[in-house]
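Asker: After the sequence you'll find the predicted model.
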Amino acid sequence: MSTLPALPSRDFTGASYSFVCFPAQMNGLRQPWYLRRLHPAWRHCVLLRYAGPDCTLIAEHLGSYARVEFLNVSIGQCARNLQEQHGALILLVDETRPPPKAMMRGPMSCVEFIKALLGIGRPWIVTPHQLYRHLRRAGASHVFPTANS
């Protein structure tokens, strides 16, 4: 088992931060036909949100349903598990939401689901890689060091 560095010394207890995870492998999930057009490392995204010292909210869209549940594990340990078991690239996102407004959403996908949770209204963001690039340009930082960071 690889040893990951500790999470950055930042207070993750506020509700204004989320982790957006891009797992490289989707172990156990059946791959829909439309994912074949995407790069294997950019086929899914998941949102983790702090919900208490030993509680994490996980939200993801899995094709036929949305999974939103509380896990009895700290957000740091949940992020480490995703990184170790699925090779996830994990971004720390500062959630400064714009005021609510009516908007049309595209077809429901994991990207549209995460965009809705974060208040992102950019209709041209449709793939996990486009979402990653948008979040990085908006100031999101890597939680764990990567070769490209």
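Answerer: Cool, the structure landed.
Asker: What segments of this protein are strands?
Answerer: 17-22, 46-50, 56-61, 66-71, 89-94, 141-142 (DSSP state E).
Asker: I figured Phe70 hits Ala51, correct?
Answerer: Yes. Using C-beta atoms under 8 Å as the test, Phe70 is close enough to Ala51 to be in contact (5.9 Å). Heads up, the C-betas are built off the backbone N, CA and C, glycines and all.
Asker: okay, and the common contacts of those two?
Answerer: Residues touching both Phe70 and Ala51 (C-beta atoms under 8 Å, 6 or more residues apart in numbering) are Leu57.
Asker: These two: which is more packed in?
Answerer: Ala51 (15 against 12; other C-beta atoms under 10 Å).
Asker: gap between the longest helix belonging to the chain and the chain center?
Answerer: For the chain, the helix with the greatest residue count under DSSP state H is helix 75-86. Mean C-alpha position of helix 75-86 versus that of the full chain (C-alpha atoms, centre = their mean, to the nearest Å) differs by 12 Å.
Asker: now swap in stretch 49-64 and tell me
Answerer: 10 Å.
Asker: hmm, who's touching it?
Answerer: The contact list for stretch 49-64, computed with C-beta under 8 Å, 6+ apart, reads 12-15, 17-19, 29, 32, 44-48, 66-75, 78, 108-110, 112-114, 117.
Asker: From the residues you listed, keep the buried residues only.
Answerer: Among these, the ones that count as buried by 16 or more other C-beta atoms under 10 Å are 12, 17-19, 44-48, 71, 74-75, 78, 109-110, 112-114, 117.
Asker: what's the spacing between Ala116 and Arg97?
Answerer: Ala116 sits 11 Å away from Arg97, going by C-beta to C-beta, to the nearest Å.
Asker: Between those two, which has more neighbouring residues?
Answerer: Using other C-beta under 10 Å, the more surrounded residue of Ala116 and Arg97 is Ala116, with 15 against 10.
Asker: thought that one was touching Met103?
Answerer: No. Counting by C-beta under 8 Å, Ala116 sits too far from Met103 to count as a contact (9.3 Å).
Asker: The most centrally placed residue in the chain and Ala102: what is the separation?
Answerer: Note on the chain: the residue nearest the mean C-alpha position is Val20, at 2.3 Å, using C-alpha atoms, centre = their mean. Distance, Val20 to Ala102, by C-beta to C-beta: 24 Å.
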